[in-house]
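S.K.: Provided below for reference: sequence and predicted model.
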Amino acid sequence: MINPKFPIIFYGGDYSPDQWPEEEWMKDIELFKQADINIVTLPVFSWAKLQPAEDRYDFEWLDKVMDLMAENSISVCLATPTAAQPIWMSLKYPEILPVDIEGRKRTPGKRVNFCPNSKKYREFASNIATKMAERYKGHPALAMWHVANEYGTYCYCENCAKAFREWLKQRYGTLEELNRRWNTAFWGHTIYDWQEVIPPSKLNDDDTCYPAIALDYTRFMTDSNIACYMEEYNAIKKITPDKTITTNISGYIKKLDQFKWAKYVDIVAWDNYPTPYDDISTVALKHDIMRGLKDGQSFMVMEQSPNQQNWQPYNVLKRPGEVRLLSYQALAHGADTVMFFQLKASKGGVEKLHGALIPHAGHEYAQKTRVFQECAQLGEELNKLNGAFLDARFHSKAAIIFDWDNWWAVELSSGPSKDLHYFEQVNKYYKALHRLNIPLDIIKPTSDFSQYDLIIAPVLYMTKPNVADNLKAFVSGGGTFVSTFFSGIADENDNIILGGYPGELRDLFGIWVEEFDALIPGKTNELSIYRPFGNLAGKYECGLICDVIHLEGAQAIAGYEKGFYAGKPCVTVNSYGKGKAYYVGTDPEDSFLIGLFQTLCKQKNIFAPLADIPDNVEVTQRFKDEKAFTFILNHNEFAVNVNLGQDNYFDLLSECQVTGDYSLGAFGAAILERREAI
Amino acid sequence: MINPKFPIIFYGGDYSPDQWPEEEWMKDIELFKQADINIVTLPVFSWAKLQPAEDRYDFEWLDKVMDLMAENSISVCLATPTAAQPIWMSLKYPEILPVDIEGRKRTPGKRVNFCPNSKKYREFASNIATKMAERYKGHPALAMWHVANEYGTYCYCENCAKAFREWLKQRYGTLEELNRRWNTAFWGHTIYDWQEVIPPSKLNDDDTCYPAIALDYTRFMTDSNIACYMEEYNAIKKITPDKTITTNISGYIKKLDQFKWAKYVDIVAWDNYPTPYDDISTVALKHDIMRGLKDGQSFMVMEQSPNQQNWQPYNVLKRPGEVRLLSYQALAHGADTVMFFQLKASKGGVEKLHGALIPHAGHEYAQKTRVFQECAQLGEELNKLNGAFLDARFHSKAAIIFDWDNWWAVELSSGPSKDLHYFEQVNKYYKALHRLNIPLDIIKPTSDFSQYDLIIAPVLYMTKPNVADNLKAFVSGGGTFVSTFFSGIADENDNIILGGYPGELRDLFGIWVEEFDALIPGKTNELSIYRPFGNLAGKYECGLICDVIHLEGAQAIAGYEKGFYAGKPCVTVNSYGKGKAYYVGTDPEDSFLIGLFQTLCKQKNIFAPLADIPDNVEVTQRFKDEKAFTFILNHNEFAVNVNLGQDNYFDLLSECQVTGDYSLGAFGAAILERREAI
Amino acid sequence: MINPKFPIIFYGGDYSPDQWPEEEWMKDIELFKQADINIVTLPVFSWAKLQPAEDRYDFEWLDKVMDLMAENSISVCLATPTAAQPIWMSLKYPEILPVDIEGRKRTPGKRVNFCPNSKKYREFASNIATKMAERYKGHPALAMWHVANEYGTYCYCENCAKAFREWLKQRYGTLEELNRRWNTAFWGHTIYDWQEVIPPSKLNDDDTCYPAIALDYTRFMTDSNIACYMEEYNAIKKITPDKTITTNISGYIKKLDQFKWAKYVDIVAWDNYPTPYDDISTVALKHDIMRGLKDGQSFMVMEQSPNQQNWQPYNVLKRPGEVRLLSYQALAHGADTVMFFQLKASKGGVEKLHGALIPHAGHEYAQKTRVFQECAQLGEELNKLNGAFLDARFHSKAAIIFDWDNWWAVELSSGPSKDLHYFEQVNKYYKALHRLNIPLDIIKPTSDFSQYDLIIAPVLYMTKPNVADNLKAFVSGGGTFVSTFFSGIADENDNIILGGYPGELRDLFGIWVEEFDALIPGKTNELSIYRPFGNLAGKYECGLICDVIHLEGAQAIAGYEKGFYAGKPCVTVNSYGKGKAYYVGTDPEDSFLIGLFQTLCKQKNIFAPLADIPDNVEVTQRFKDEKAFTFILNHNEFAVNVNLGQDNYFDLLSECQVTGDYSLGAFGAAILERREAI
């Protein structure tokens, strides 16, 4: 639990009182209370105000804000303001400003605009964190800590180059080992002195960076940002050891390895900003990734917009009920908070057109707005839930492997196809299972697989040490494993695993992939099921990549219809120990994956929480003590009937006993509690 | 009048004799005379020739050219050559070269490639201007002055940064005020020392510049370029106080606030280069903007091409009659000159494939070319016109508000839609009125509105001080005002006007816009007219932005058909004093705007100069003394009949009396003179 | 012959033993021998290994490799490793790293990443070349030399600027001449001191570089790269005067003038990497260009992929038989080698996913792969050919003019259309003749034309000195010449040839092009044949550019159907002396060109080697001593019948006597030998 003193769903979000005259504050708080807001995040970007000069601080205004919050029983998620250093600081200590991949020093201003390896920055940051911790350690409003904001700067300055060399010395020990691991013999990149290690750059004609170097630099940047964050974390922890500390992950999650990072936060927190083009499964997947980061522990939605954003190409309004539904979707996937960016719209600056609880129309009109009314209704509902399922867990028998190293390596790769994107592939497999409402975890390739019966690893290009063994132990123990083309190709340094694709997984799948074709845009192939396999029969479109596969013990489930490899297998299954390993050697249409997972789940007795769920209705379950909480989310713009069967539930939202046929309105949600043996 | 000694339509253009051997000059002039050329612009880019070294000048060749022109009764629009400083100058004084928004110093060469705040540049420029003014002040060929060429460089060098800080001190006085006006509390951008003001930059990851700062920098760049220009202007004016001085505005007019600039030129001059994709209304709009810059005074077309350009992606030939028609279109909209870039094609350099009066084929063949023949015919016609309507004015009862600050602010805005472009929106409204041939002025939001009955302000996002009052006075006095979505949002510093959109215009429109939706590409809505309103009935497609509107006294004319705001109003009218304010809360199809303006013009007794004008025929009127000049321009590739009614006119082009049905050939033009009481 | 000691088709390619442990080498060689590999290229990128420090060398490993090759009767194409300097070298002597056109110094690493004018680089490069030549001059494995790899860096550093000024002094002597030739009077670019010459740059707002300067810089870069190469060439030649020396041309051939370069290689060599979008004619054209570079001498294919590449957007597998067919296509067009990049796939680095003879699967599996099997079959076949047609020549009566200066100048031109690409136009004309299987040479505009009856010069924009005379002598002597729109426009300095387009070719064509229209995308015209002309009749689509033509002695063959120039001629023929000059004033559809060349070839008695060749079958002939070798290549995915007539041939591939109907399988090839009087 984030804070045992507050066993509730935290509901609130970012608030910047320092952008407004003091006389507005109480009016804002009145509205917060009307909307059942119980937490505010602040002062996220107020470093310049808190520290107007190197040796001068101004906390008085913040003291007042903290006191006001306490007086009004609103908790504070206290943020260190270090995501945006004051301009005076950048000018006085230019080392703080990062250098981009084209070698250009950035100018002061903006946010998340510091070199994570700058000693000066780290010193200033931990200093202000310390000052805040000391000042507010006993403050009744202090609920938890929020360090900086959306870390993610990649810097390429000389300091970083030096630190990178040290990092490499730690990692590889000797230059001989470095050369070996980076395979620098290729193109004569041999390094004879640590000084010859140069960070990646986009200045060159042939702009594909050397992948092994770029890959390690990416890892190094994760580590650099973590170290930078940890200076603040440690400073705060020393003073308030009992308070939860975190930092919020940007919704664009690619830059930093969040599995690594999660070890250093007390709770995972992220910012959920779906685009108008995102499928609901994409949002669900990201939530599940967040829940997976700390092995199933609850996480925070630290930010979502109560309405439109401003920074997307097309800033579409959220439809009535959509914010509520997105909020319950978060809770359904393991979140324990519903928090917004932002509680009050800024009147100037880049984000002034971003949605907020209190609009530009002001206090007088706020309550008349659709957004405020919806948020207030939601606040009231969340309040009634009374923290019933805080810390509740998932019980999943299926899991998808997700790996940042793999993501980076796949997309740093030169070839086979520029249209091969790792997250897209993972999302595609996730989407099929999500449509079937199969409870699902997102795990690392090195996770403990013992609780699962079905594990899926789309495009597992990189098999890091022990990964193959982990998978083989899983399958030989009876598990079902599914992977795809472009798997088992490279080791942790992006060197090919020699001896035939898919490398260390070759015996697991009982196949040898001799070569893989990339299809030009518009070109497709077909896969044809040899003999009906569960729900699969007939032909399915496929494309993007087509593996040319030799069976080495595996059985072919489907083969290609076209091209010189027509008739050769493209989907295979191999018995390995007590389990089975499926290989999908191409990129099939969605209906194939749905059929495949219907079949495999049936085989493995993996079921959705409810039977016969209508299309576009999402159902998940969280478990706590001896209770199960079933979330039903209707993503349709019309009402649907859901058959609850003969069980009796208590709907926490309508506060009714329900059973049998249950009608859910457009964008409706239900949270059904049932006591059950687990 | 540009020069009272020459009460004629200046006809001619750019000529670069210094690119040719002296023996060619007289041959060129012979051809000029055959084409009735009466003015040449020179020596626009000859600084390197006129000043081969810091302390050395060579005017002798120019003396000869000036004398030749005088002897042949051709006037000279004498240009200072300062748009392209000599390379020796850029190398000796590197401060002259500008720095771009990515912080990169430009290299010598090119043109319009100087820092407008460089003292050295300004010193050199005013010095050569002085020398030219002194040398040619009494020369009989000197008709007027042309300073530099197409100003527009934005520079981001250290000198500019310093000058920007001074400019801000002038504007805001104190840092407190600066911080307040820029709302720097957002993202902790607070400035504690003037040195902390940093010009905008594109070096940063999050590449949206802080809009308030970028907006002021844009204004500062207008002021910097004006100040740069004024050093030359003042130097020349002191010596030849009676001569008209101007500089030519680039046809891409966005960079500099031309309303501001127009105060500093004796006559507005611009370069008209339509693209193959431009509608005729776009050209007409730009002419009308030019006429509006000095409150309806005549302007110059300083450049247009007698045929193709070279620098467009596709350099389409002008069709037969097109140059003539474009020339009369310019005169029809208030131009008093017809001038070309260029009279003679260069044989080398970037623009060598640009159209010209004298082609690469040379003197022997020039007269055989279509282009020369058309230009010569045009010259003869213009000559016969004998300056009849020089300085003639428009009498418009309708006007469109156009504002550079607004343009910049709308397009610096992050949100709501990247497809929202100010000029496009203005052009859309202009086009509807243009199709109806309604006489129309382009005015500032702070102009005197007293002569108008109908004022339109598309996307008036920014309401600067007094603008709301000016509009309210207009409407309450009986005027009809039309504005659109995304109006009344921000103040002059791009801070939101709090209290509900459309801010200070809320009571004028009698509405409150609670929120505005942005539609993704391909998505549309429909607006449905509640009950027939003049020429409007039924449904019209709309999209891009959809305001969600509450009526606060206004009446709804139309509502949405789709989305969660279906049924809510999207077009409203409010009675305000004696007038009416219309609000169009979305981006409708063209036919809606045509219907709307047919209706409003009928209500306000605003009529086209002639009734029943065929499609694609443009009609305007200019008035002088007691005469009206009616321009009829047939943009069709076929002949049309225009009904002149029972009035009698004298057609200045055909030199006939005309009345009743009047036939105009393909691309034909008529200028009908009639004496009338005004 | 590349090496008279080896009168065979060299078959092999790039091999990087230094990327692998020594114990692998012999296993690799075993596989090479099984595939009949007789040459390896090495050590292309091994500079860092050969010279670990400025004063330290390590040749021992290479000695072993050379000895192993000799022992196994495999020749070595010995490469200097200078395409990738060691990182220590770049760091110690930063002048070696190039500066790009935006003024940015590149970082160490990558390949072909050196300033061609760096003295230090040249010194190091000729030094290592000397050392290698001395060490291996007598080595039995040494077959020939391969200098560096795919030259092509354009550098814009201060050293280059200085060298450029010297180059210009050599070329133009005086500044007066420089200013005259560059026409610097345009835009006041006059240069008063050599220091004022500035290399082109993309830092400027108006990013069209001054074409005359950019053109000379491009020539200078060819010369700089040649000079850089020649330091190695001379060093090696001095020591091994009898050994063939070359360097391999990148398949993207635009950067360097290869006609110039070809003078400095003993044999032309290039790298053939077709994209999935290339027509077979594009590959054929590039081969023919290579054969043309040294006036018809045989050339080397130094690299092609035995399967996919890795660096294309979509890396499509080669289909079965495709590598074989591409190899015979090369031989059919004048190649005397079949060499691959690469013999063994790298396990790490940017190109690790590139196809290779020995795959990642390793020695054990190599022979089971499709690629190895196909290559081994090919090796066996090539072996049997026994060098039969080495040095054999083409006997072409038709030729296409190709010119790098022209290429650069057309694409540096601002106007008329951004969609006008020189290579595309040449390819279009080539493709028509290729479909007719007309034997064809690629020649320079200044080549000796005496052997040809038909010469085609698409878009001959630039007519350099003597070119017009050369063409006129050809036509007046009876030749048929075909050229197109945008020809005869500019001189060697990109100055317009005054006096009417097409300049010096005007009397040859008997026309005057008054102006030329550019069509916007999607817009087309039609050309209509006035009266049937050979195989041409009716109407054909045309577009892109439309010349407006006056006949001055020529006869019109076709005219436009649309636009203001409808009815005017667009295809003309002029009798000039004993010959005829055809002018195609627009960009017609392919079928027009096929009809045109059917007609002209019939007129000139130019025939394909065989009659009635099926579609998509390529036929060429090479001649040696008294033998003719007819290559028949079936590019169809199905078998075809080719009628050989009544002649008897010996098929070198099937080793059978053949005559009459001859069936060729899908992707099949035949090489038919026949003794004949030449």
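M.R.: Yes, it's here.
S.K.: residue of the stretch 201-350 of chain A with the smallest distance to chain C?
M.R.: residue A:201 (4.4 Å; C-beta to the nearest C-beta). To be clear about C-beta, it is placed using only N, CA and C from the backbone, and glycine gets the same treatment.
S.K.: out of everything not next to it in sequence, what's closest to that residue?
M.R.: residue C:107 (4.4 Å; C-beta to C-beta, 6 or more residues apart in numbering or on different chains).
S.K.: returning to what we had before: near the residue of the stretch 201-350 of chain A closest to chain C, how many other residues are there?
M.R.: Using other C-beta atoms under 10 Å in any protein chain shown, residue A:201 has 20 neighbouring residues.
S.K.: circling back to that earlier point, mind checking the SS state of the residue nearest to residue A:201?
M.R.: coil (DSSP: H, G, I helix; E, B strand; the rest coil).
S.K.: That one: what's it in contact with?
M.R.: By C-beta atoms under 8 Å, 6 or more residues apart in numbering or on different chains, the residues touching residue C:107 are A:103, A:198, A:201, A:203-204, C:97.
S.K.: For residue A:73, state which of those is nearest.
M.R.: residue A:103 (52.0 Å; C-beta to C-beta).
S.K.: Mind pulling the model confidence for the closest residue to residue A:232 other than its chain neighbours?
M.R.: By the measure of C-beta to C-beta, 6+ apart, the closest residue to residue A:232 outside its immediate chain neighbours is residue A:129, 4.2 Å from it. In this model, residue A:129 is scored at 98, pLDDT.
S.K.: Check the gap between residue A:129 and residue A:10 for me.
M.R.: Using C-beta to C-beta, to the nearest Å, we find residue A:129 at a distance of 21 Å from residue A:10.
S.K.: Also residue A:297?
M.R.: Distance from residue A:297 to residue A:10, by C-beta to C-beta: 16 Å.
S.K.: Between those two, tell me which one has more neighbours.
M.R.: The neighbour comparison of residue A:297 against residue A:10 (other C-beta under 10 Å) goes to residue A:10, with 27 against 17.
S.K.: Let me see the ranges of the strands in the stretch 551-678 of chain A.
M.R.: Along the stretch 551-678 of chain A, counting by DSSP state E, counting those that start in this stretch, strands occupy A:555-560, A:569-576, A:579-584, A:586-588, A:617-624, A:627-634, A:640-643, A:649-651, A:656-658, A:661-664, A:669-675.
S.K.: Quick check: closest non-adjacent residue to residue A:102.
M.R.: Residue A:102 sits nearest to residue A:202 (C-beta to C-beta, 6+ apart), 5.1 Å away.
S.K.: what about that neighbour, distance to residue C:104?
M.R.: The gap separating residue A:202 from residue C:104 is 10 Å, by C-beta to C-beta.
S.K.: what does residue A:412 give?
M.R.: As judged by C-beta to C-beta, residue A:412 and residue C:104 stand 22 Å apart.
S.K.: measure residue A:468 to chain C for me?
M.R.: Residue A:468 is 16 Å from chain C, where distance means C-beta to the nearest C-beta, to the nearest Å.
S.K.: Looking at residue A:202 and residue C:104, which one has more neighbours?
M.R.: For residue A:202 versus residue C:104, the count of surrounding residues by other C-beta under 10 Å is larger for residue C:104: 19 against 14.
S.K.: pretty sure the more buried one is touching residue A:104, no?
M.R.: No: contact between residue C:104 and residue A:104 fails when scored by C-beta atoms under 8 Å: they sit 9.0 Å apart.
S.K.: who's in contact with residue A:327?
M.R.: Neighbours of residue A:327 in contact, by C-beta under 8 Å, 6+ apart: A:301, A:304, A:338, A:378, A:382.
S.K.: Just want the angle from the helix or strand containing it to strand A:617-624.
M.R.: Element membership of residue A:327, judged by DSSP states H and E, is helix A:322-332. Helix A:322-332 and strand A:617-624 meet at an angle of 40 degrees, taking axes from the mean of the first three to the mean of the last three C-alpha atoms, to 10 degrees as the criterion.
S.K.: On the C-terminal side of helix A:322-332, identify the next helix or strand.
M.R.: strand A:337-340.
S.K.: Does that following strand reach chain B?
M.R.: No: figure legend: strand A:337-340 not in contact with chain B (C-beta under 8 Å from any C-beta of the partner chain); closest approach 15.5 Å.
S.K.: Apart from its chain neighbours, what residue comes closest to residue A:154?
M.R.: Counting by C-beta to C-beta, 6+ apart, the residue nearest residue A:154 is residue A:221, at 4.9 Å.
S.K.: so who does the residue nearest to residue A:232 touch?
M.R.: Residue A:129 touches A:80, A:82, A:147, A:231-232, A:235-236, counting by C-beta under 8 Å, 6+ apart.
S.K.: where along the stretch 351-500 of chain A do the strands fall?
M.R.: A:398-401, A:440-443, A:454-457, A:480-484.
S.K.: The second one - what's its average pLDDT?
M.R.: Across strand A:440-443, the average pLDDT comes to 98.
S.K.: which helices and strands does that strand pack with?
M.R.: Applying 3 or more C-beta pairs under 8 Å, 6 or more residues apart in numbering or on different chains; DSSP states H and E, one finds that strand A:440-443 contacts helix A:280-293, strand A:398-401, helix A:422-435.
S.K.: Quickly run through the sheet partners of that strand, with directions.
M.R.: Applying DSSP bridges, strand A:440-443 is found paired with strand A:398-401 (parallel).
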